[in-house]
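Structure for this input, please:
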Amino acid sequence: MGEQQDGADRPLQPLRVVVVDDHAMFRRGVRAELEGLGAGVVEVVAEAADVDGAVAAIAAATPDVVLLDVHLPGGGGGEVMRRSPTASARFLALSVSDAAEDVIGTVRAGARGYVTKTVTGEELLAAIRRVADGDAVFSPRLAGFVLDAFAGSVEVAAVDSDLDRLTEREREVMRLIARGYAYKEVAGELFISVKTVETHMSAVLRKLQLSSRHELTRWAADRRLL
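Residues are numbered from 1 along each chain as shown. Below you'll find the model as predicted:
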């Protein structure tokens with residue numbers, strides 16, 4: 001891996017990282033944070049905004065670690081891992097979603113770790129280094145999902161047919177609203193406008209045949225999406 005030493009007289013090489021996320025502002029923020037905190041330790045060698053771009057970037061940049069959002073245009077993070085042209089890259093999911101089915105599905109697809117976007121810069125840097133070293137890294141609450149699933153105490157089935165009606169972005173909005181976030185908070189979290197949040201929320205309620213955010217919260221809780 002990029003952090004290993006090639007010889008006694010040669011310095012350690014920085015870990016090569018590709019950042020995959022469909023929000024340009026978020027990618028720039030991650031790059032700035034890592035390059036500020038991890039100078040000489042990590043190097044962001046490429047960015048991508050969708051599945052096709054990620055596959056191409058991984059092939060061209062041959063990274064040690066790929067920071068990968070779960071929900072992406074073109075098929076999602078799992079599709080990126082399935083199409084990854086190199087076996088040497090290790091994948092660390094970095095997502096706004098902490099839903100059990102996203103965590104478990106991402107791990108099953110090949111990720112070595114999963115952290116949420118509430119992670120600090122120092123924590124993200126440490127997670128990248130650990131994943132590069134071969135460790136599995138999860139935010140504490142998410143580790144419980146994985147342990148329960150692989151111990152057989154959680155039913156890992158196909159996503160509810162109702163949930164399948166929603167787009168990736170509608171799912172993100174749905175989960176945040178169901179957790180009690182205000183529209184303005186959702187807009188800030190997802191780097192979209194309040195008007196766009198309102199549009200997505202209307203679509204969510206219509207597709208799920210619900211009449212209010214309170215009903216949405218109950219619906220999400222019943223499906224263990226919170």
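
okay, now the residue lying closest to Gly36 once chain neighbours are set aside: neighbour count?
Nearest residue to Gly36, sequence neighbours excluded (C-beta to C-beta, 6 or more residues apart in numbering): Gly121, at 7.5 Å. For the C-beta atoms, the positions are set from N, CA and C on the backbone; glycine is no exception. Other residues within reach of Gly121, judged by other C-beta atoms under 10 Å, total 15.

swap in Arg112?
For Arg112, using other C-beta under 10 Å, the count is 21.

tell me the contacts of it?
Applying C-beta atoms under 8 Å, 6 or more residues apart in numbering to Arg112 gives the contacts 90-92, 131, 134-137.

out of these, which is most surrounded?
That'd be Phe91 among the contacts of Arg112, by other C-beta under 10 Å, with 27 neighbours.

tell me the contacts of the closest residue to Ala49 other than its chain neighbours?
If the residues on either side of it in the chain are set aside, Ala49 comes closest to Asp22, at 4.9 Å by C-beta to C-beta, 6+ apart. Applying C-beta under 8 Å, 6+ apart to Asp22 gives the contacts 49-50, 69, 71-73.

distance of Asp22 from Arg16?
Per C-beta to C-beta, to the nearest Å, Asp22 is found 21 Å from Arg16.

Check Glu168 too.
27 Å.

cool, and Leu216?
Leu216 is 41 Å from Arg16, by C-beta to C-beta.

ok, now Arg218?
45 Å.

between the two, which one's more packed in?
Arg16 (21 against 13).

quick one: that one and Gly38, what's the gap?
12 Å.

next one: Leu190
26 Å.

quick one: the helices in this structure?
24-37, 51-61, 77-83, 100-109, 121-132, 140-150, 161-164, 168-178, 183-190, 194-208, 213-222 (DSSP state H).

Could I get the buried residue list for the first one?
I take that to be helix 24-37. The neighbour-count check on helix 24-37 (16 or more other C-beta atoms under 10 Å) flags 26-27, 29-31, 33-35 as buried.

Take these and write them to JSON lines, including pLDDT and distance to Gly105.
Shown next, in JSON lines, are the buried residues of helix 24-37 (pLDDT from 0 to 100; distance: C-beta to C-beta, whole Å):
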{"residue": "Phe26", "pLDDT": "92", "distance to Gly105": "21"}
{"residue": "Arg27", "pLDDT": "93", "distance to Gly105": "23"}
{"residue": "Gly29", "pLDDT": "92", "distance to Gly105": "26"}
{"residue": "Val30", "pLDDT": "93", "distance to Gly105": "22"}
{"residue": "Arg31", "pLDDT": "93", "distance to Gly105": "27"}
{"residue": "Glu33", "pLDDT": "91", "distance to Gly105": "27"}
{"residue": "Leu34", "pLDDT": "91", "distance to Gly105": "26"}
{"residue": "Glu35", "pLDDT": "88", "distance to Gly105": "31"}
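
Return the closest of these with respect to Ala182.
Phe26 (20.0 Å; C-beta to C-beta).

which residue sits closest to that closest one, ignoring its sequence neighbours?
Phe26 sits nearest to Phe191 (C-beta to C-beta, 6+ apart), 6.2 Å away.

I figured the one you found was touching His23, is that so?
Yes. Using C-beta atoms under 8 Å, Phe191 makes contact with His23 at a distance of 4.7 Å.

in the protein, what spans have low per-residue confidence?
1-11, 86-87, 144-162, 223-224, 226 (pLDDT under 70).
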